[in-house]
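Enquirer: no sequence for this one, just the structure:
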């Protein structure tokens, strides 16, 4: 298991991005209070433990976005997710944790209902929404009341949606036990959702939406907001492309961005840094879909075989690439490895390529940070 999830920070909302290695990554949004999700207990936060449990429960890669602005989101809930594109996520988790006692008050409960309504409206048809909270002691202290079921079901009842599930996590007096209990619950809910997704109509899933090309104007704006095109070489990215070339035994590796009508090479080994016309770019095709691009022999590809990059003196024939995203999920570029000779792609470890692309992504979006998880 990868004990060091990669963390990146969004510039638009207070959000962390955590990743675990593996194929077919499940994409999860966890919305909650930072004091609850990000407080370290025994050298690991609840969010990190939850990413671990999701990985263990699904045996798939994990892309976990942790949105820690729940309180301000609830204060200004209308339209808060308008540009966030919640349809990207397979599962959305709303954690009403220790720091949200006010969430049991009628007015805030109504806002939670509004929040869920917005989430469901923007999420993919097969995306499940799970509300998780601690039990609440009844006024006479005679019993525990399951907060999500008893207090929130009425708030979200108007949605009439079977896509909202509720779960209660029993509190423990020991902080470590409590953190582990929450992480286990979050991991189990994600695993249950993944099982249901396997039986859903593929056209209704978040993956079907993610695998479509991004709207070009918004994609370009996401790249422009980073201010990286034309910047000086970054030694960390140079090290990453060298590592990618070594890992896959290729002559060349690059980190590229598609900027208007050109491909700009931010880091390259086995090739010159600079730019190519977008019309000739392999990476321009890579950013059109969510999955990695694998080309065993470009001479056999009906689209690429006429490219000058394939027919030139130093042709590209074998090519493998993984998209690089902005913090809000626009595919702005790729990490690729390539060779002048074709290859058998059976047994190719695409999880390694994803890990390297995510490291580049974290560096590019401003927070190449690794933390020890529990």
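Expert: Nice, thanks for sending it over. Small disclaimer: the values here were computed from a predicted structure and weren't measured. Residues are numbered from 1 along each chain as shown.
Enquirer: What ranges does the protein have for its helices?
Expert: Under the criterion DSSP state H, the chain contains helices at 34-37, 46-58, 70-75, 106-122, 153-156, 175-197, 206-210, 216-226, 235-248, 283-286, 308-311, 350-364.
Enquirer: rank those helices by pLDDT, which is bottom?
Expert: Least confident of the helices of the chain, judged by mean pLDDT, is helix 153-156 with a mean of 56.
Enquirer: before we move on, the earlier item: figure out which of the helices of the chain is closest to residue 336.
Expert: The closest approach between residue 336 and any of those, judged by Cβ to Cβ, belongs to helix 283-286 at 6.1 Å. Where you see a C-beta, it was placed from the backbone N, CA and C, and this is true even at glycine.
Enquirer: residues making contact with the closest one?
Expert: Applying Cβ atoms under 8 Å, 6 or more residues apart in numbering, the external contacts of helix 283-286 come out as 254, 256, 258, 263, 278, 292-293, 303-304, 321-323, 331, 333-334, 336.
Enquirer: go again using 10 Å as the cut-off
Expert: 254-258, 261-265, 276-278, 292-293, 295, 301, 303-304, 319-324, 331, 333-336 (Cβ atoms under 10 Å, 6 or more residues apart in numbering).
Enquirer: quick revisit: deepest of the helices of the chain, which one?
Expert: Highest mean neighbour count among the helices of the chain (mean count of other Cβ atoms under 10 Å): helix 46-58, with a mean of 25.
Enquirer: one step back: could the helices of the chain be laid out in CSV, adding distance to residue 85?
Expert: Output for the helices of the chain, formatted as CSV (distance: least, Cβ to Cβ, whole Å):
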stretch, distance to residue 85
helix 34-37, 21
helix 46-58, 21
helix 70-75, 16
helix 106-122, 7
helix 153-156, 22
helix 175-197, 18
helix 206-210, 8
helix 216-226, 9
helix 235-248, 26
helix 283-286, 20
helix 308-311, 32
helix 350-364, 17
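Enquirer: residue contacts, the residue lying closest to residue 304 once chain neighbours are set aside?
Expert: Nearest residue to residue 304 in three dimensions, chain neighbours excluded: residue 298, at 4.6 Å (Cβ to Cβ, 6 or more residues apart in numbering). The contact partners of residue 298, by Cβ under 10 Å, 6+ apart, come to 282, 304-307, 309-311, 315-319, 338, 342.
Enquirer: Just the ones of the contacts of helix 283-286 in strands?
Expert: Counting by DSSP state E, the part of these found in strands is 254-258, 262-265, 276-277, 293, 295, 319-324, 331, 333-336.
Enquirer: Just the buried residues of these.
Expert: 254-258, 262-265, 276, 293, 295, 319-324, 331, 333-336 (16 or more other Cβ atoms under 10 Å).
Enquirer: tell me the domain ranges of the chain?
Expert: Domains of the chain are assigned by automatic domain parsing as 6-210, 216-370.
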